[in-house]
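1. here is a sequence together with a model predicted from it:
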Amino acid sequence: MSETSKKSDISFSILTLDIVTNILGLSDDPGKLGQYLTEEIRELTGARTVVIVQCLHKTGKAEHRIVTVNPQRRQNITESPNFESLINITHNLEDITWWHQDGNSGKAEKILADLGLGLSMAIPLNAGASREGAILLFDMPQERHLGLVIEMLRMLSPVVALILRNSFLYTQQENIIAERTSQLEKESIEREQLMKTLKAKNKELQSIVYVASHDLRSPLVNIKGFSGELMRNCQELTELLKTKKLDKEQRAKVASLLNDDIPQDLSFIESGTDKIHVLIEGLLRVSRVGTSTLNIQAIDMNQLIQQVLQTIDYQARQCGATITADHLPDCLADSSRTNQIFSNLLDNALKYLDPSRPGQIHISGSSEDDMSTYCVEDNGIGIPQAHQEKIFEIFHRLNPASPAGGEGLGLTIVTRILDRLNGSISLESETGKGTKFFVTLPTANA
């Protein structure tokens, strides 16, 4: 062997070692590895285009992905249906294969001709008995002698194959971990939601128990008391009627029993019965909120608020109140229930206006962190600090003697609806100045 030939072999060995070192250094990033390797191959072989293809080992399927196309402007080659057929041919190659354009063209050569490609080469990438992909070189110069380059590529191919295989396995594990993490996060969210629902149910149960033990007891005591009073009056009347002739005092007593005492007893009993009926109906209304079907969808809040304002327009004019609204962000909720939320809040705002000044109610909104927040602000009488938590409790009224009326269910129902819609409600209020209610719901693009 000549001295020149020895020097050439030594230089090529050094180059090969340098390439192997760089390949190993890029083993954790197949994309960068592919870019580096294809650039080196193009420089060494003169190929116009170099493509690295990776086999994806999936059950019952032979799939692949394009790791790198160099130069990238030749990406369109890989997008042709014929290119798929060419890759399928490489799956059956045992060694480096040349594809020539000659008179004995096979299937691969015909595909290359259809793609407008000339002299080409396929280098199988095998890790042991497993095919991991191929390196494809297109439009190579005819005159180059590539004996040493081909031997180098044959030597490098198992290294590249192993890296591709490990990257596939690593990606698989990453996907499994990501899927499991996502599942755990979903389970955690569901668990938190269940705990939130359970907490709300327990709170509601406590309210119902309180109503049953306190609010219902009061009318029942009255009914029992006046029923006893009625019975005594009836007994007294019976005794008086046993006397055939009633004197003036006895007749006055009978008249008083018939016209005053007994009707009054019956009135108190009826009033107690009505109160029990109202309480039971209220409990049923609250319970129905938790069982009704929800239709969650994106809601145009500007349109919804206009619908609510049209509904309460007469009531607002009767109160002499002015209601204004800013442009509001959309939300993700049930349209019917959301309408009910804002109808209740605006109804309360109108009920508790300050008669000493013109009523003003304003609705505003904003979006942040996948949540839309709406504010219903009024200049009414305000809510004392001691009542600001209690007003969300079932049957709690700010002023039971107020002519504003109501059953004390509105805000309880609002809270219950928002719990089901993954929303919340809070307030800021100052006695004599007014109140702000803040309603938070998921945004439409959350």
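-> Cool, the structure landed. Numbering: from 1, shown residues only.
2. and the pLDDT at the nearest residue to L332 once chain neighbours are set aside?
-> Excluding the flanking residues, the one nearest L332 by Cβ to Cβ, 6 or more residues apart in numbering is P442, at 4.5 Å. Heads up, the C-betas are built off the backbone N, CA and C, glycines and all. Here the pLDDT value assigned to P442 is 93.
3. can you count the residues close to P442?
-> 16 (other Cβ atoms under 10 Å).
4. list the backbone torsions phi and psi for it.
-> Main-chain dihedrals, P442, degrees, to the nearest 10: phi -60, psi 140.
5. show me what contacts it?
-> For P442, the contacting residues are 331-333, 370-372, 421-423, by Cβ atoms under 8 Å, 6 or more residues apart in numbering.
6. would you quantify the distance from it to T373?
-> The gap separating P442 from T373 is 11 Å, by Cβ to Cβ, to the nearest Å.
7. ok, now T21?
-> 58 Å.
8. between those two, which one's more packed in?
-> For T21 versus T373, the count of surrounding residues by other Cβ under 10 Å is larger for T373: 20 against 10.
9. per-residue pLDDT of the nearest residue to T97 once chain neighbours are set aside, please?
-> Excluding the flanking residues, the one nearest T97 by Cβ to Cβ, 6+ apart is A122, at 4.9 Å. Looking at A122, its pLDDT reads 89.
10. can you name the element that comes right after the helix or strand encompassing A122?
-> Here A122 sits within strand 120-127, counting by DSSP states H and E. The C-terminal neighbour of strand 120-127 among helices and strands, as given by DSSP H and E, is strand 130-138.
11. which other helices and strands contact that following strand?
-> In terms of contacts (3 or more Cβ pairs under 8 Å, 6 or more residues apart in numbering; DSSP states H and E), strand 130-138 is packed against helix 30-45, strand 49-58, helix 81-90, strand 120-127, helix 147-210.
12. got CSV for the ones you listed, with distance to G228 too?
-> Formatted as CSV, these follow (distance: least, Cβ to Cβ, whole Å):
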stretch, distance to G228
helix 30-45, 90
strand 49-58, 84
helix 81-90, 94
strand 120-127, 96
helix 147-210, 27
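13. returning to what we had before: may I see the buried residues of the strand holding A122?
-> Neighbour-count burial for strand 120-127, counted by 16 or more other Cβ atoms under 10 Å, picks out 120-127.
14. what do you get for stretch 35-53?
-> 35-38, 40-42, 44-53.
15. can I get it in CSV, CA atoms only?
-> Extracted C-alpha coordinates of stretch 35-53, given in CSV (Å, rounded to 0.1, in the frame of the first residue of the first chain):
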residue,chain,number,x,y,z
GLN,A,35,-29.5,17.1,10.8
TYR,A,36,-25.8,16.6,11.6
LEU,A,37,-25.5,13.2,9.9
THR,A,38,-27.4,14.1,6.7
GLU,A,39,-25.1,17.2,6.3
GLU,A,40,-22.0,15.0,6.7
ILE,A,41,-23.3,12.4,4.3
ARG,A,42,-24.2,15.1,1.7
GLU,A,43,-20.7,16.5,1.9
LEU,A,44,-19.0,13.1,1.7
THR,A,45,-21.1,11.7,-1.1
GLY,A,46,-22.3,14.7,-3.1
ALA,A,47,-25.9,13.5,-2.8
ARG,A,48,-28.4,16.3,-3.6
THR,A,49,-30.9,15.1,-1.0
VAL,A,50,-30.5,12.8,2.1
VAL,A,51,-33.4,11.5,4.1
ILE,A,52,-33.4,9.5,7.4
VAL,A,53,-36.5,7.3,7.9
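16. thinking again about what came up before, mind listing the shared neighbours of P442 and T373?
-> With Cβ under 8 Å, 6+ apart, P442 and T373 have no common neighbours.
17. sorry, back to before: now, among the contacts of P442, which is nearest to D28?
-> Proximity of the contacts of P442 to D28 (Cβ to Cβ) peaks at D370, which lies at 34.2 Å.
18. the closest one against T440, yeah?
-> No. Counting by Cβ atoms under 8 Å, D370 sits too far from T440 to count as a contact (10.6 Å).
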